[in-house]
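*Asks:* 3D, please:
(4 chains)
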2 protein chains.
Amino acid sequence: MEQFKSGKLQRALVQEAVRPAAGTAGAEGGELLGRSSGKALILRRRDFLYRMGERLDAIYMVRSGVLKSCLIGIDGSERILGFHGPGDVLGLEALSGSVVRCDLIVLDTTSVIRIPLNVVRGRCRDSETAEECLLGQMNRQQIRLEALLQQERLNAPARVAFFLLTQARLHRDAGCSDRVFHLPMTRRELARYLNLANETVSRVFTRLRRQGVIHLEGRMVTLVKPEYLGEMTGPVADGLVPGSSSQTLH
Amino acid sequence: MEQFKSGKLQRALVQEAVRPAAGTAGAEGGELLGRSSGKALILRRRDFLYRMGERLDAIYMVRSGVLKSCLIGIDGSERILGFHGPGDVLGLEALSGSVVRCDLIVLDTTSVIRIPLNVVRGRCRDSETAEECLLGQMNRQQIRLEALLQQERLNAPARVAFFLLTQARLHRDAGCSDRVFHLPMTRRELARYLNLANETVSRVFTRLRRQGVIHLEGRMVTLVKPEYLGEMTGPVADGLVPGSSSQTLH
DNA sequence: CGGACAATTGACGTCTCTCAAAATCAGTGG
DNA sequence: CCACTGATTTTGAGAGACGTCAATTGTCCG
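*Replies:* Numbers count the residues shown, from 1 in each chain, chains lettered A, B, ... in the order given. Below you'll find the predicted structure:
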C-alpha cells in the first residue's frame, strides 16, 4: 500500500477521478449556466476566489477542484464554514447585494465558471427553473450550516467519523470509490471545520487507525470498517455508511 | 425591585413595548407585504407555526411575539437555531419548494401574517425591490447561522454575555430599554440555543449576579455593568454594549 | 542539505457535562 | 385564598473530554 503516499501524482489522479461529479451535480446547475456562458477561471492553491468584505458582481460555479470558505474572527481565529467542490455555486450573497462574509480560498487547483450578476438575473427572468435552481442552491447552503450546527452536539470521535462518512458519500456520488479517497485539506483545516484542536483530530485518527477502522497514509484514507464509523456517530449517519445495503464500488 | 417578578402582567407589558419593532424592521418587509395582504394568525405558547417535514405553501411574517425554531435530532436531542421576533420572515424554504427542516414553536403569544406563495411570487415579478428584500431575508438567516457557528468558539460565560448584549441590542432597536428586559425563553431553551447544559447557563447567570454585572428576577434581566459583558466576549461584541459611546434610553 | 511547515505524541489542567438533590415557581382545583 | 403537583431553576460533587503547551518526527521546496 506504499503507493498511496500522498504525492503530487496521486493527488492529480484523484482530482481527475473526482471531476466527473461536475457532470452529475452540474445537472442542477445546468439551468443556471445555459450552454455557453461565463468564462472559466483557473486558480491554484492559496489563491482567493474572493475575500471577506468584497461586493461581488458575479456568482461562481465550481467545475473541478476544492475550495474552503472561512470566517476570520477579529482575534484572528478562523472558522471554516465548508469545503466546496464540483457543482457547488459560490458567492450567492451577491444576489442580495450584500458583501461577502467569508474568504474563499483554493485548496487544490480549481476551475470555476464566472457568471455575471446581470446574466444570472436575466436567466432567472426567462426561466422559471433557473430561478428555482438558484433558490435551491441557497437552500442547500443553509442546510450545510445547519448540519454543522448539529455536529457541535457530537463528541470529537463522532465528528471525525461523521466527516469521513460524508466524504465517502461525496465520492460515491461522484462515481469514485467511497472506501479509498484523498482528503484535500490539512489537519489544521479539518480541525477548524470540525471546531476541534488539530491535536485532537490527529489523536482521533491514530486511535481509529490502531483499532483497524481506517487506514491512513498522509492524506489518503481507506475506510476499512465503515460500519464502525456509523456506530460512532449514532443514528445521525443514516444512508452514509458505504457497503451497507448497497453495492460497493471497488 | 420586587415589582420585576416575571408575572403575566409584566410579560404583557414587555410584549407591548417590543411591538413597535414591527414598524421598524417591517420597513424592509413592507415591500413584501404591500398594504392589505395576507391574513393575520394569532398563536399561543406551545403552538406550532409549522413542523419539520411539512411542505409550506406560504411564508410568514412575524408582527409581534416570539417563536423558536428548533431541530430535533433522531436521538431526540433538540438544537435551537434561533429566536424570532417582530419583523422576521419565516418559512423561506417554501420558495425553493423544499420541505422545512425545523419546528417553529411559539414561546409567547404571537401574531403572524401569512403570505401565500403565489402572492409572494407575483409581488417579486412586479417589484424589483420586493425580490431583493426577499433575498435579503434569506441572507439574514444565513448570517444568523454563521454567527451561531462563531459563538461555538467562545466559552460558556462569553456565550451568555454575548447573548445578553445581542438581546439588549434588539430591544434598543425596538425603541425599548436596553438595560432592563425580559427573556422570553426558559433556561433550558437558552441552553439549547447556546449549546450548553442548562446547569451551566444557570451557573454563569449566578456568577454574573454575584459579581454585580447583572440583576436577575426570574426571566427579568437588568444589565448593571454592560461594559463587563463586553469584556467577557472579547472584541466580538463591537457596537453591542449599551451606554458605550451612545445615549442610553432609560 | 536546511528551513519552514505539517503532523504526531505525551503530560497536564480545566472547563463543561452528568448525575443528584434542593429550592423555587406556575398552574390547578378545592 | 391556600394547598398540591409538576416543571423550572439553582446548587453541589465528581468525572471525563478536550484544549493548551511542548517536544519530536515527518514532509515539502528551494
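*Asks:* buried ones in stretch A:65-79?
*Replies:* A:G65, A:V66, A:L67, A:K68, A:S69, A:C70, A:L71, A:E78, A:R79 (16 or more other Cβ atoms under 10 Å in any protein chain shown). To be clear about C-beta, it is placed using only N, CA and C from the backbone, and glycine gets the same treatment.
*Asks:* for those, which one is nearest B:R172?
*Replies:* B:R172 lies nearest to A:L71 out of the buried residues of stretch A:65-79, by Cβ to Cβ, at 25.5 Å.
*Asks:* per-residue confidence for the closest one?
*Replies:* Per-residue confidence (pLDDT) for A:L71: 94.
*Asks:* For it, grab phi and psi.
*Replies:* phi -90, psi 140 (degrees, to the nearest 10).
*Asks:* And for A:D57, the neighbour number?
*Replies:* Other residues lying near A:D57 total 11 when counted by other Cβ atoms under 10 Å in any protein chain shown.
*Asks:* now A:V112
*Replies:* Residues within reach of A:V112, counting by other Cβ under 10 Å, total 28.
*Asks:* ok, what's across the strand from the nearest residue to it once chain neighbours are set aside?
*Replies:* Leaving aside its sequence neighbours, A:V112 sits nearest to A:Y60 (Cβ to Cβ, 6 or more residues apart in numbering or on different chains; 4.5 Å). With DSSP bridges as the criterion, A:Y60 is bridged to A:L90, A:R114.
*Asks:* ok, back up a step: can I get the buried residues of stretch A:65-79 in CSV including secondary structure and distance to chain B?
*Replies:* Output for the buried residues of stretch A:65-79, formatted as CSV (DSSP: H, G, I helix; E, B strand; the rest coil; distance: Cβ to the nearest Cβ, whole Å):
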residue, secondary structure, distance to chain B
A:G65, strand, 24
A:V66, strand, 20
A:L67, strand, 17
A:K68, strand, 14
A:S69, strand, 10
A:C70, strand, 11
A:L71, strand, 6
A:E78, strand, 10
A:R79, strand, 6
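*Asks:* Now do the contacts for the residue nearest to A:V112.
*Replies:* Shown in contact with A:Y60 (Cβ atoms under 8 Å, 6 or more residues apart in numbering or on different chains): A:L41, A:L49, A:V89, A:L90, A:G91, A:V112, A:I113, A:R114, A:I115.
*Asks:* can you rerun that using 6 Å?
*Replies:* For A:Y60, the contact set (Cβ atoms under 6 Å, 6 or more residues apart in numbering or on different chains) comprises A:L90, A:G91, A:V112, A:R114.
*Asks:* Next one: it relative to A:E131, how far apart?
*Replies:* 18 Å (Cβ to Cβ, to the nearest Å).
*Asks:* Show me which residues of chain A are close to chain B?
*Replies:* A:74-75, A:77, A:79, A:95-96, A:98, A:135-136, A:138-139, A:142, A:145, A:150, A:152-153, A:195, A:235 (Cβ under 6 Å from any Cβ of the partner chain).
*Asks:* Select the longest helix from chain A.
*Replies:* Criterion DSSP state H: the longest helix present in chain A is helix A:128-151.
*Asks:* That one near DNA strand C anywhere?
*Replies:* No: Helix A:128-151 is not in contact with DNA strand C by Cβ under 7 Å from any atom of the strand; minimum separation 14.0 Å.
*Asks:* Next SSE downstream of that helix?
*Replies:* Moving toward the C-terminus from helix A:128-151, the next helix or strand (DSSP states H and E) is helix A:156-173.
*Asks:* now chain A, which segments are flagged as low pLDDT?
*Replies:* Scanning chain A for pLDDT under 70 picks out A:1-37, A:245-250.
*Asks:* Show the residue spans covered by the helices in it.
*Replies:* A:8-18, A:21-33, A:117-126, A:128-151, A:156-173, A:187-194, A:198-210, A:226-233.
*Asks:* restrict the residues of chain A next to chain B to those near DNA strand D?
*Replies:* Checking the residues of chain A next to chain B against DNA strand D by Cβ under 7 Å from any atom of the strand, the ones in range are A:N195.
*Asks:* give me the number of residues near the nearest residue to A:K39 once chain neighbours are set aside?
*Replies:* Nearest residue to A:K39 in three dimensions, chain neighbours excluded: A:R114, at 5.9 Å (Cβ to Cβ, 6+ apart). The local packing of A:R114 (other Cβ under 10 Å) involves 18 other residues.
*Asks:* so what's A:R114 up against?
*Replies:* A:G38, A:K39, A:L41, A:A58, A:Y60.
*Asks:* Buried subset of these, written for PyMOL?
*Replies:* Buried residues among those (16+ other Cβ under 10 Å), as a PyMOL selection:
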select buried, chain A and resi 38+58+60
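*Asks:* now, which of the contacts of A:R114 sits nearest A:V213?
*Replies:* Proximity of the contacts of A:R114 to A:V213 (Cβ to Cβ) peaks at A:Y60, which lies at 36.7 Å.
*Asks:* any idea how far B:T200 is from the closest one?
*Replies:* A:Y60 sits 41 Å away from B:T200, going by Cβ to Cβ.
*Asks:* Repeat that for A:G239.
*Replies:* The gap separating A:G239 from B:T200 is 34 Å, by Cβ to Cβ.
*Asks:* Of those two, which one has the most company?
*Replies:* More crowded of A:G239 and B:T200, by other Cβ under 10 Å: B:T200, with 16 against 9.
*Asks:* pretty sure the more buried one contacts B:A156?
*Replies:* Yes: taking Cβ atoms under 6 Å as the definition, B:T200 is a contact partner of B:A156 at 5.2 Å.
*Asks:* How far away from the center of its chain is stretch A:194-204?
*Replies:* Taking Cα atoms, centre = their mean, to the nearest Å, one finds stretch A:194-204 lying 19 Å from the centre of the chain it belongs to.
*Asks:* scratch that, stretch A:229-246
*Replies:* Centroid separation between stretch A:229-246 and its chain, computed with Cα atoms, centre = their mean, is 19 Å.
*Asks:* Stretch A:65-82 now?
*Replies:* With Cα atoms, centre = their mean, you get 13 Å for stretch A:65-82.
*Asks:* Quote the end-to-end distance of that stretch.
*Replies:* 14 Å (Cα to Cα, to the nearest Å).
*Asks:* Of the contacts of A:Y60, just say which sits nearest to B:A191.
*Replies:* A:L90 (34.5 Å).
*Asks:* how does chain A divide into domains?
*Replies:* According to automatic domain parsing, chain A comprises the domains A:7-140, A:152-237.
*Asks:* Not counting residues beside it along the chain, what's closest to A:G65?
*Replies:* A:T110 (2.7 Å).
*Asks:* Beta-bridge partners for that neighbour, please?
*Replies:* Going by DSSP bridges, A:T110 forms beta bridges with A:L43.
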